[in-house]
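> Following is a predicted model, sequence given first.
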Amino acid sequence: MKITYRNSRLRFFFVTNIIFITFLMIFFHLGCSKNKKVPLLQNSIKMGNVDSLNIEIGINSFIVIEDKGLEIQFASLIEDSRCPIGARCIWEGNAKINLLVKTKSNTNLVELNINLDPRKISNEGFSLKLISLEPHPKLGVDIDSTSYKASILFSRKK
């Protein structure tokens, strides 16, 4: 089917409307689509002669300690029941995370806590201790689960 236009104004109107509708469709598609898969952020470091490192790692991110053949991934937040800032609590609460720890010989999923045991794990010549978890809950404020960052102390065993 061939459409012919006798009037150049009608042709201009038709073409500009098609272009406008195409841009609207692209705009709404980009604005409404959600990428459900969170990309991992890779950081690679070398320890050298240092005995310990304080590592900050975001949720769904990992860090590679090259000279140790070690990869640590902040796999998930299990719970965050810490007393919110601005609230009066009977006890301070706890935060618990899952770390995926890959060494040359094995892969382990470990749980670490802020205020309960286990706070620290030891494995194949090193230890990991959860120092802090940010952001800290605030009274009446919801925290986006993707904004969590863990501070972990990595230590070499002597």
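Cool, got the structure.

> Excluding sequence neighbours, find me the nearest residue to the residue nearest to the spatial centre of the chain.
Nearest residue to the geometric centre of the chain (CA atoms, centre = their mean): residue 59, 2.8 Å. Spatial nearest neighbour of residue 59, excluding adjacent residues (CB to CB, 6 or more residues apart in numbering): residue 148 at 4.6 Å. No exception for glycine: its C-beta is placed from N, CA and C like everyone else's.

> Report the contact partners of that neighbour.
Neighbouring residues of residue 148 by CB atoms under 8 Å, 6 or more residues apart in numbering: 58, 59, 74, 77, 80, 97, 133, 134, 135.

> Go again with 7 Å.
By CB atoms under 7 Å, 6 or more residues apart in numbering, the residues touching residue 148 are 59, 77, 133.

> same check, this time on residue 82
By CB under 7 Å, 6+ apart, the contact list for residue 82 reads 92, 93, 94, 95, 114, 136, 137.

> any idea how far the residue nearest to the centre of the chain is from residue 145?
Using CB to CB, to the nearest Å, residue 59 is found at 7 Å from residue 145.

> any common contacting residues for these two?
Overlap of the contact sets of residue 59 and residue 145 (by CB under 7 Å, 6+ apart) consists of residue 77.

> tell me, how many neighbours does the nearest residue to residue 141 once chain neighbours are set aside end up with?
Nearest non-adjacent residue to residue 141, counting by CB to CB, 6+ apart: residue 84, 7.9 Å away. If you count neighbours by other CB atoms under 10 Å, residue 84 ends up with 17.

> how much space between residue 84 and residue 147?
Taking CB to CB, one finds residue 84 at 15 Å from residue 147.

> what about the helices in this structure?
Counting by DSSP state H, one finds helices in the chain at the ranges 8-32.

> What ranges does it have for its strands?
With strands called from DSSP state E, the chain shows them at 42-45, 52-58, 62-65, 70-80, 95-102, 107-113, 120-123, 126-134, 149-156.

> what lines up beside the longest one in the sheet?
With DSSP bridges as the test, strand 70-80 is paired with strand 62-65 (antiparallel), strand 95-102 (antiparallel).
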